[in-house]
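Chemist: Let's see this in three dimensions:
(one chain, ligands or ions: 2)
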Amino acid sequence: MRTSIATVSLSGSLTEKLTAASRAGFDGVEIFENDLLASPLTPEEIRARCADLGLTIDLYQPMRDVEGLPAEEFARAVRRARHKFELTRRLGADTVLVCSSVSPLAVDDDDLVAGQLARLAGAAREHGVRLAYEALAWGRHVSTWDHAWRVVRNADHPALGTCLDSFHILSRARGPEDLEGIEDIPGDKIFFLQLADAPLLAMDVLQWSRHYRCFPGQGGFDLAGLLRRVLRAGYTGPLSLEVFNDVFRQSEAGPTAVDARRSLLTLQESVGLAAPPAPAPPTGVAFTELVTTDAAPVAAVLGALGFTRTARHRGKPVDLWECGEARILVNTGPAGRREGTRLAAVGLESPDPSGAARRAEALLAPVLPRRRAPGDAPLEAVAAPDGTELFLCATGRPGLPDWRADFEAAQPPTGTEPRAGTEPGAGAVRRVDHLSLTQPWHQFDEAALFHRAVLGLRPQESVDVADPYGLLRSRAVSTDDGAVRIVLTVGAAPVDDTAHTQHIALAVDDVVAAARALRAAGGTLLPIPANYHDDLAARFEFADGELEAYRELGILYDRDAHGEFRHCYTRTVGRVFFELVQRDGGHRGYGAANAPVRLAAQHAARGLTGG
Ligand SMILES: O=C(O)c1ccc(O)c(O)c1
Ligand SMILES: [Mg+2]
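Modeler: Ligands and ions are numbered 1, 2, ... in the order given. Predicted coordinates:
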């Protein structure tokens, strides 16, 4: 089916919006009135611009407060409407959207509304256009899809149909019973379908709609369920995104349009209207790559965590450090990169690297060159919205390129013995428990959708985390078995350095032993205030000596219905720090309850070191 996007969903000038919609692959646009009024282009020029860009204009909108009016008011409304109909014709569009009235003058009289809509439709037809009547969820008298449809049916005019808008429908639906009957509307009387999702918020519906709409799959509505009903009704018009969102209004139109199309493709896939290569969810973390201009502190932390440098890249200044199944690449080149230390790439074990890359490509993810340098193993890689490079790996799988082929065993440097003070095994790092990646503030919803749609990870609920200097939002995406867990985090505004951290959480069997071993090897743990442990003592019962060990080492504790979570943190190097995690009994969380204390402790630690 054809895809379309309302210009109100994108930022910038009308020209910028049209260009972004076209580049992202949309077939058409809805022109929002303000975008036209503010444009220096004539309607004919807008029409020509769209044609040049390969876009049709599928809708002009909105017309407001034109129905259910006293006679004199209605006569004025018809005059206004004729101007809009003519404009719509000049744009080369054939449909004008009419929102249900919010005017205090509007009368609660369905027959009057139907009669006036029929007269407006008659006038519209004289200009070669038709009217799509949409119930705003806050309409004065008409506020539900079935009410709008009843009026349209009773008006019985060929140039009058209804416009279904998923936000207005689903924001008011108490359950599937409120959607029953959509599939019985004659398909050719559904003149238009607007799609928007939204997070499930308990708030005034107008504010909710105007500020919090998001692209399908980024909120809590069952868009696929609604779309199936509309398709069953026989609707054949465009699938059009109409998203009012404060963040998108401030973000670059190009990436937003790509995010929008990815969302729509994923929705189309879920109802059988598109068939990108099937998802091949990752089965583990092959490696994490840190890029640093300051290798010594990174090596010191990794050494204290029990990692050993086992191999070096054949052609680049990249070291492989390993401990258990956890592998970390430390990249110290090329010179002139951004200062500091950051997590630049993640290798994900993929059951089908090329299939996963083809899916990513079909869902508009930037696919990176397979070889980064001559001689490198040809690895499939895509870029996440935040720029993190995601390599799709087949470690040790015969017949497929192995990233390790680029590495040769390192000569153990003299004097680096295995970490001092470790009883083998007790606190040893086993593997990566999770990665936590701070997203640019305007890409949080996009990131969650990307990881779900492109990688096949399942998003969990989003949680708010208080930071002393702001509020973070955090949302985990993971495989069902927990083999890959990524926590996406974002600050409420452009973030400072601390909020912009990334971290690697390492799974251990015994976090107390791991923390002691780290200290014995010269590592530093993030100190946690005594008040926190006093509070823990009041909330939980611990075995003798347990809490004392947590106090001493800065270990945090959490519990859910499934099990327990014990964790502590290293110092931060550049943007990166490490967490040691003991996850027992199938605990599903990430220590979100402890995050405010951790964030405050990190701010305090930064103050102390002045860095
Ligand atoms: O918020 C509004 O006014 C508005 C306008 C036009 C629409 O199609 C809509 O869904 C909402
Ligand atoms: Mg709408």
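Chemist: can you list contacts of the helix or strand that contains Arg119?
Modeler: Assigned by DSSP states H and E, Arg119 belongs to helix 110-126. By C-beta atoms under 8 Å, 6 or more residues apart in numbering, the surrounding residues in contact with helix 110-126 are 66-69, 74, 77-78, 81-82, 85, 96, 98, 107, 130-131, 133, 141-142, 147, 150-152, 154-160. Every C-beta, even on glycine, is put in place using the N, C-alpha and C of the backbone.
Chemist: Okay, buried residues for it please.
Modeler: Using 16 or more other C-beta atoms under 10 Å as the test for burial, helix 110-126 gives 110, 112-121, 123-125.
Chemist: quick one on the thing from earlier: quick check: strands, which of the contacts of helix 110-126 are part of them?
Modeler: The members of the contacts of helix 110-126 that map onto strands under DSSP state E are Val96, Val98, Arg130, Leu131, Tyr133, Leu160.
Chemist: gap between the third one and Thr395?
Modeler: Between Arg130 and Thr395 the distance, using C-beta to C-beta, to the nearest Å, works out to 58 Å.
Chemist: Compare those two (neighbour count), which wins?
Modeler: Each of Arg130 and Thr395 has its neighbours counted (other C-beta atoms under 10 Å); Arg130 has more, 20 against 16.
Chemist: Grab the nearest non-local neighbour of that one.
Modeler: The shortest distance from Arg130 to any residue other than its chain neighbours is 4.3 Å, reached at Ala159 (C-beta to C-beta, 6 or more residues apart in numbering).
Chemist: Same check on Val484?
Modeler: Pro282 (4.8 Å).
Chemist: contacting residues around Val247?
Modeler: Trp441, His442, Asp445.
Chemist: again, only this time at 10 Å
Modeler: Ser11, His211, Tyr212, Cys214, Thr256, Trp441, His442, Gln443, Phe444, Asp445, Glu446 (C-beta atoms under 10 Å, 6 or more residues apart in numbering).
Chemist: Double-check the second one against Met203; I have them as touching.
Modeler: When you say that, I think you mean His211. Yes - using C-beta atoms under 10 Å, His211 is in contact with Met203, at 9.2 Å.
Chemist: And the two? Which one has more around it.
Modeler: Shown here are His211 and Met203; by other C-beta under 10 Å, His211 has more neighbours (15 against 10).
Chemist: That one and Phe167: what is the separation?
Modeler: Counting by C-beta to C-beta, the gap from His211 to Phe167 is 12 Å.
Chemist: same deal with Ile555?
Modeler: 45 Å.
Chemist: Is the residue nearest to Trp145 when sequence neighbours are not counted in a helix, a strand, or coil?
Modeler: Closest residue to Trp145 apart from its sequence neighbours, by C-beta to C-beta, 6+ apart: Ile169 at 4.9 Å. Assigned with DSSP: H, G, I helix; E, B strand; the rest coil, Ile169 falls in the helix class.
Chemist: And for Ile169, the neighbour number?
Modeler: Neighbours around Ile169, by other C-beta under 10 Å: 22.
Chemist: Check Ala148 too.
Modeler: By the criterion of other C-beta under 10 Å, Ala148 has 27 neighbours.
Chemist: List the contacts of it.
Modeler: Contacts were defined as C-beta under 10 Å, 6+ apart; by that measure Ala148 touches 98-100, 113, 117, 132-136, 139, 142, 162-165, 168.
Chemist: swap the cut-off to 8 Å and go again
Modeler: Ser100, Tyr133, Glu134, Ala135, Val142, Thr162.
Chemist: can you list the domains in this structure?
Modeler: Annotated domains of the chain cover 3-270, 284-413+428-609 [automatic domain parsing].
Chemist: Measure how far the shortest one is from the centre of its chain, please.
Modeler: Put plainly, it is domain 3-270. Between the centre of domain 3-270 and the centre of its host chain there is 24 Å, according to C-alpha atoms, centre = their mean, to the nearest Å.
Chemist: What distance do you get for the residue nearest to Arg130 to Ser270?
Modeler: 33 Å.
Chemist: Just the pLDDT at the residue of the stretch 201-350 of the chain found nearest ligand 2, thanks.
Modeler: Residue nearest to ligand 2 within the stretch 201-350 of the chain (C-beta to the ion): Glu242, separated by 4.8 Å. You'll see Glu242 listed with a pLDDT of 98.
Chemist: Need the phi and psi values for it.
Modeler: Dihedral pair for Glu242: phi -130, psi 100, per degrees, to the nearest 10.
Chemist: Tell me how many other residues crowd it.
Modeler: Number of residues near Glu242 (other C-beta under 10 Å) recorded here: 28.
Chemist: Name all residues that make contact with it.
Modeler: Glu242 makes contacts with Ile5, Ala6, Val8, Ser9, Glu30, Asp165, Phe167, Gln194, Leu195, Ala196, Arg213, as judged by C-beta under 8 Å, 6+ apart.
Chemist: how about those in JSON lines, adding secondary structure, neighbour count and distance to Ala405?
Modeler: Shown next, in JSON lines, are the contacts of Glu242 (DSSP: H, G, I helix; E, B strand; the rest coil; neighbours: other C-beta atoms under 10 Å; distance: C-beta to C-beta, whole Å):
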{"residue": "Ile5", "secondary structure": "strand", "neighbour count": "32", "distance to Ala405": "44"}
{"residue": "Ala6", "secondary structure": "strand", "neighbour count": "27", "distance to Ala405": "49"}
{"residue": "Val8", "secondary structure": "helix", "neighbour count": "24", "distance to Ala405": "50"}
{"residue": "Ser9", "secondary structure": "helix", "neighbour count": "28", "distance to Ala405": "45"}
{"residue": "Glu30", "secondary structure": "strand", "neighbour count": "27", "distance to Ala405": "51"}
{"residue": "Asp165", "secondary structure": "strand", "neighbour count": "27", "distance to Ala405": "53"}
{"residue": "Phe167", "secondary structure": "helix", "neighbour count": "26", "distance to Ala405": "51"}
{"residue": "Gln194", "secondary structure": "strand", "neighbour count": "25", "distance to Ala405": "51"}
{"residue": "Leu195", "secondary structure": "strand", "neighbour count": "30", "distance to Ala405": "46"}
{"residue": "Ala196", "secondary structure": "coil", "neighbour count": "28", "distance to Ala405": "47"}
{"residue": "Arg213", "secondary structure": "coil", "neighbour count": "28", "distance to Ala405": "47"}
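Chemist: ok, those vs ligand 1, which is closest?
Modeler: Comparing these against ligand 1 with C-beta to the nearest ligand atom places Asp165 closest, at 4.6 Å.
Chemist: isn't that closest one right up against Glu134?
Modeler: Yes - here Asp165 reaches Glu134: they are 5.5 Å apart, a contact under C-beta atoms under 8 Å.
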